[in-house]
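> Turn this into a structure:
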Amino acid sequence: MILAPTLEQELRSVYLLAGLNPVQFDNMMQTSRVIELAEGENLFNQGDHAKQFFLVRRGQIKLFRTSPEGYEKVIEILVPGQTFAEAVMFMERPSYPVSATALHASELVGFDSATFVDILRQSVDSCFRVMADMSIWLHSRLNEIEALSVQNATLRLTNYLLQGTPKDARGPIDVALDLPKYVLASRLSVTPESLSRILQNIQKSGLISVEGQKIHIHDVEGLRNYGTGHPGGKTR
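So this is what the prediction gives:
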């Protein structure tokens with residue numbers, strides 16, 4: 001893959017590639033490719049042989065699992081700058097544990113897993129750097145899993161609405177939902193009906209108003225309190 005200067009700089013900042021020396025980085029680029037996906041197009045399916053890991057450059061990628069009964073559970077929504085499918089390259093028989101589909105027209109870079117593993121086999125230093133970076137990534141994922149399992153549905157939703165909002169913000173602010181509501185419901189581990197009820201309850205409190213995919217937050221601090229049940233919020 002021939003790199004434009006801006007793309008090369010972007011790829012060198014990817015945590016898995018940041019510790020590679022110039023020769024190792026060039027080896028990775030020779031076996032990498034840019035992938036364009038249309039809205040709704042599959043990248044891979046659950047159980048497929050895992051030959052690549054990926055970086056999202058544009059759009060959104062939905063990772064999900066499908067139960068034997070046909071129910072879909074959204075595992076994660078990936079946005080530009082995020083990588084995925086890197087951990088499976090270290091399995092004895094690597095296969096993707098989830099399916100991946102483009103929510104919108106998307107552009108990715110696919111990296112050859114076998115090339116990367118060969119680099120690690122040849123360099124102990126590179127191997128330890130990657131292990132350290134992946135440990136940090138795993139720690140952040142564990143924190144998210146803990147939040148999803150411990151928090152109630154209302155707190156999960158209010159945290160989602162407030163993510164990226166400065167801690168000292170008071171409101172009002174507008175939040176655009178960048179996901180279809182059924183996808184957001186699955187991501188938050190609630191049914192679409194439950195998500196609608198929670199939104200309606202918060203709206204009745206006067207803290208937000210809903211206009212299609214846009215949420216008007218009238219009182220940021222009040223919404224934080226509402227989610228936690230602290231004084232100033234409304235207990236469900």
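> And the helices in this structure?
Assigned by DSSP state H, the helices in the chain fall at 5-12, 22-30, 113-122, 124-150, 153-162, 181-187, 192-204, 220-228.
> With distance to Val79 added, can I get those in a markdown table?
In this view, the C-beta of every residue, glycine as well, is placed from N, C-alpha and C. A markdown table is the format used below for those (distance: least, Cβ to Cβ, whole Å):
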| stretch | distance to Val79 |
| --- | --- |
| helix 5-12 | 14 |
| helix 22-30 | 23 |
| helix 113-122 | 22 |
| helix 124-150 | 14 |
| helix 153-162 | 14 |
| helix 181-187 | 13 |
| helix 192-204 | 20 |
| helix 220-228 | 22 |
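> Out of these, flag the one nearest Gly81.
With Cβ to Cβ as the measure, helix 5-12 is the member of these nearest Gly81 (8.5 Å).
> Show me the domain layout of this structure.
Residue ranges for the domains of the chain, per automatic domain parsing: 5-150, 153-228.
> and the closest residue to Ala50 other than its chain neighbours, what does it touch?
Spatial nearest neighbour of Ala50, chain neighbours left out: Pro94 (3.9 Å); criterion: Cβ to Cβ, 6 or more residues apart in numbering. Shown in contact with Pro94 (Cβ atoms under 8 Å, 6 or more residues apart in numbering): His49, Ala50, Lys51, Val88, Ser113.
> Out of those, which end up buried?
For the contacts of Pro94, a burial check counting by 16 or more other Cβ atoms under 10 Å picks out Ala50, Lys51, Val88, Ser113.
> pLDDT score for the closest residue to the second one other than its chain neighbours?
Spatially, and ignoring its direct neighbours in sequence, Lys51 is nearest to Ser113 (5.9 Å; Cβ to Cβ, 6+ apart). Ser113 is assigned a pLDDT of 95 by the prediction.
> correct me, but Ser113 touches Phe53?
Yes - assessed by Cβ atoms under 8 Å, Ser113 is found in contact with Phe53 at 5.9 Å.
> tell me the centre residue of the chain?
Computing the C-alpha centroid of the chain and ranking residues by Cα atoms, centre = their mean puts Leu78 first, at 3.4 Å.
> which sections of this structure are below the confidence cut-off?
For the chain, applying pLDDT under 70 flags the ranges 1-5, 141, 143-151, 171, 229-236.
> try it again with 80
Low-confidence segments of the chain (pLDDT under 80): 1-6, 126, 129-130, 133-134, 136-151, 164-171, 227-236.
> Mutual contacts of Ser113 and Phe53, please.
With Cβ under 8 Å, 6+ apart, Ser113 and Phe53 have common neighbours Val88, Met89.
> Next, count neighbours for Gly40.
When neighbours are defined as other Cβ atoms under 10 Å, Gly40 has 11 of them.
> try Ala18
13.
> so who does it touch?
Counting by Cβ under 8 Å, 6+ apart, Ala18 touches Arg12, Asp133.
> For the closest residue to Glu36 other than its chain neighbours, grab the count of nearby residues.
Of all residues not flanking Glu36 in the chain, Glu107 sits nearest, at 5.7 Å (Cβ to Cβ, 6+ apart). Using other Cβ under 10 Å, Glu107 is surrounded by 15 other residues.
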